[in-house]
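>>> build me a structure from this.
(one chain, ligands or ions: 2)
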Amino acid sequence: MYIEMKEDKDARWFELECVPKEYIFSEEYRPQNIDSPVCDSIPVISLAKSEAANEHSQPVEEILKASQEFGFFQVIDHGIPEKMMIDAMNVLKEFFDMQAKYASNGTVTPKKGYIYTTSTDFTKDGVYLWRENLKHPCHPLEECVPLWPDTPPRYQEVIAAYLVEIQKLSSRILEMICEGLGLEKGYFKDISEVQLLASNFYPPCPDPSLTLGILPHIDPSFITILYQGEATGLQFMKDDQWIKIGAIPNAFVVNIGNQLEVCILSIIMVNGSSSYLWMQIISNNKFKSAKHRVVTSKHETRRSIATFVNPSPNCIIEPAKILVNESEPALYKPTQYKDFVQYNNSFGDYTAAIQKALDEES
Ligand SMILES: O=C(O)CCC(=O)C(=O)O
Ligand SMILES: [Fe+2]
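Ligands and ions are numbered 1, 2, ... in the order given. As a prediction, the model looks like this:
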């Protein structure tokens, strides 16, 4: 294939007429149905009534149903000021724009609590992803903030303010999940925190049918709260089909990570008095953690801020012992969250660096 580079020495890696061969996925990974209609059936749940004593059962039921059927939903009327969301997105835009000037390659900044990676730092079978990424731990917040990027200068302040709100929102959502499942109040309070922020920059791509922004994956979290502004590109898998998630301004996309799936199963097994309930849960009632990916666009730039609400690193999740016997063996081994992350290489090449940062936090 003929690859034409623009003359401009200052051009960024994506400012090209054609897709370089290093970014072209083999047929099996290429996005096939890039123009399929946006899914309009993914639940959009208003949290306006979630604090009202006599009306909050409605959002609780909607969240429970969406978590079981889709593993994905959007929340609106969440109470987080729009200005705060836009500010966070703008400061990340400034961060990524500055990398173009100062760093042509991905850098793992020594002695800093963040990891910035450009497209060539992520490969799948030698093929690069069409994105840049910034990751950093967030808990405990006050200890992490000084280690985050300090350019642009307002980065730390703006993102910390955003994360305080996201922490409150995620606690509300986990509390509603607890209530919906009939679990004791505050079940997740001490074992979950917003542990990690990952923001992404997916520039326009000359031929989106050949590339991917992020490969199909399931998040290693309890839940992930994602702000995508008005950009499209996120898709999730339902019944073996890739389905686009529409952009709703001022909404957050929430997805169920595989730790919640495992955890809910274990909790219900502990609390459930009959094996009938256990069977019901395993067969058709458990939460879904949906596989998702990001496709690129010819004209649109996508930016997203994902916050992973993870189990605490030392938290152990295991099936209830009373329900495990020779004929009904445990479906999950007791696993410390950090071992799970390591075993599954959950954060790719950066798993070790992130584990180290999380270990230092705990
Ligand atoms: O950029 C996105 O919207 C998706 C990000 C994502 O799935 C992740 O970071 O796990
Ligand atoms: Fe994800």
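>>> tell me the mean pLDDT over stretch 157-167?
Per-region confidence: stretch 157-167 scores 97 on mean pLDDT.
>>> check stretch 48-60 too.
Confidence over stretch 48-60 (mean pLDDT, whole number) is 81.
>>> hey, where'd the strands end up in the stretch 201-350 of the chain?
For the stretch 201-350 of the chain, the strands defined by DSSP state E, counting those that start in this stretch occupy 214-217, 223-227, 234-238, 241-245, 252-256, 292-294, 302-311, 316-317, 335-336.
>>> can you name the residue of this structure nearest to ligand 1?
The nearest approach of the chain to ligand 1 comes at Ser304, 3.4 Å away (CB to the nearest ligand atom). C-beta here means a position set from N, CA and C on the backbone, and glycine is covered the same way.
>>> surely that residue and Leu226 touch.
Yes: taking CB atoms under 8 Å as the definition, Ser304 is a contact partner of Leu226 at 5.9 Å.
>>> got any residues that touch both of these two?
Leu234 (CB atoms under 8 Å, 6 or more residues apart in numbering).
>>> on that earlier part again, rank the strands of the stretch 201-350 of the chain by pLDDT, which is bottom?
Set side by side, the strands of the stretch 201-350 of the chain give their lowest mean pLDDT on strand 316-317, at a mean of 64.
>>> give me the element Met89 is part of.
Under DSSP states H and E, the secondary-structure element containing Met89 is helix 82-102.
>>> ok, and what's touching that helix?
With contact meaning CB under 8 Å, 6+ apart, helix 82-102 is reached by 10, 12, 116, 118, 132, 134, 149, 151-152, 154-155, 158-159, 161-162, 165, 199, 201, 227, 229, 250, 303, 305.
>>> out of those, which sit inside helices?
The helices in this structure, assigned by DSSP state H, contain Tyr155, Val158, Ile159, Ala161, Tyr162, Glu165 from the contacts of helix 82-102.
>>> give me the buried subset of those residues.
Tyr155, Val158, Ile159, Tyr162, Glu165 (16 or more other CB atoms under 10 Å).
>>> distance to Lys49 added to the residues you listed, as CSV?
Formatted as CSV, these follow (distance: CB to CB, whole Å):
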residue, distance to Lys49
Tyr155, 35
Val158, 30
Ile159, 30
Tyr162, 24
Glu165, 19
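>>> keep those, but drop any that are not near ligand 1.
Contacts with ligand 1 within those, counted by CB under 6 Å from any ligand atom: none were found.
>>> check contacts around Asn258.
With contact set as CB under 8 Å, 6+ apart, Asn258 has these partners: Ile218, Asp219, Pro220, Ser289.
>>> rerun at 6 Å
When contacts are counted by CB atoms under 6 Å, 6 or more residues apart in numbering, Asn258 touches Ile218, Ser289.
>>> Asp125 versus that one, what's the distance?
Here Asn258 is placed at a distance of 23 Å from Asp125 (CB to CB, to the nearest Å).
>>> pull the most distant pair out of the ones in helices among the contacts of helix 82-102.
Using CB to CB, the ones in helices among the contacts of helix 82-102 reach their maximum pairwise distance at Tyr155 and Glu165, which is 16.5 Å.
>>> which regions of the stretch 51-200 of the chain lie under the pLDDT threshold?
53, 101-111 (pLDDT under 70).
>>> the closest residue to Pro59 other than its chain neighbours: which element?
Closest residue to Pro59 apart from its sequence neighbours, by CB to CB, 6 or more residues apart in numbering: Ser50 at 4.6 Å. Secondary structure here is read from DSSP H and E; on that basis Ser50 sits in neither a helix nor a strand.
>>> my guess is Ser50 contacts Gln58, does it?
No: between Ser50 and Gln58 there is no contact, the gap being 8.6 Å when judged by CB atoms under 6 Å.
>>> more crowded one of the two?
A side-by-side neighbour count of Ser50 and Gln58, using other CB atoms under 10 Å, places Ser50 first with 23 against 14.
>>> contact residues of this structure facing ligand 1?
If contact is defined as CB under 6 Å from any ligand atom, the residues of the chain in contact with ligand 1 are Ala198, Asn200, Ile214, Asp219, Leu226, Gln228, Leu234, His292, Val294, Ser304, Ala306.
>>> beta partners of the third one?
The partner list for Ile214 in beta bridges (DSSP bridges) reads Val294.
>>> that one and Ala306: what is the separation?
Here the criterion is CB to CB. By it, Ile214 lies 10 Å from Ala306.
>>> related to what we said a few turns ago, what residues sit buried inside the helix holding Met89?
Met85, Asp87, Ala88, Met89, Val91, Leu92, Lys93, Phe95, Phe96, Gln99, Ala100.
>>> CA atoms only for that helix, dumped as CSV, please.
Taking only C-alpha atoms (Å, rounded to 0.1, in the frame of the first residue of the first chain), the coordinates of helix 82-102 have been written out as CSV:
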residue,chain,number,x,y,z
GLU,A,82,-22.5,20.1,33.2
LYS,A,83,-19.8,22.7,33.6
MET,A,84,-17.7,20.3,35.7
MET,A,85,-18.0,17.6,33.0
ILE,A,86,-17.1,20.0,30.2
ASP,A,87,-14.2,21.4,32.2
ALA,A,88,-12.8,17.9,32.8
MET,A,89,-13.1,17.1,29.1
ASN,A,90,-11.4,20.4,28.1
VAL,A,91,-8.5,19.9,30.4
LEU,A,92,-7.9,16.5,28.9
LYS,A,93,-8.1,17.9,25.5
GLU,A,94,-5.4,20.4,26.5
PHE,A,95,-3.3,17.6,28.0
PHE,A,96,-3.4,15.5,24.8
ASP,A,97,-2.8,18.5,22.6
MET,A,98,0.3,19.3,24.6
GLN,A,99,1.7,15.8,24.2
ALA,A,100,2.0,16.5,20.5
LYS,A,101,4.4,19.3,21.2
TYR,A,102,6.5,17.6,23.9
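>>> all set, thanks.
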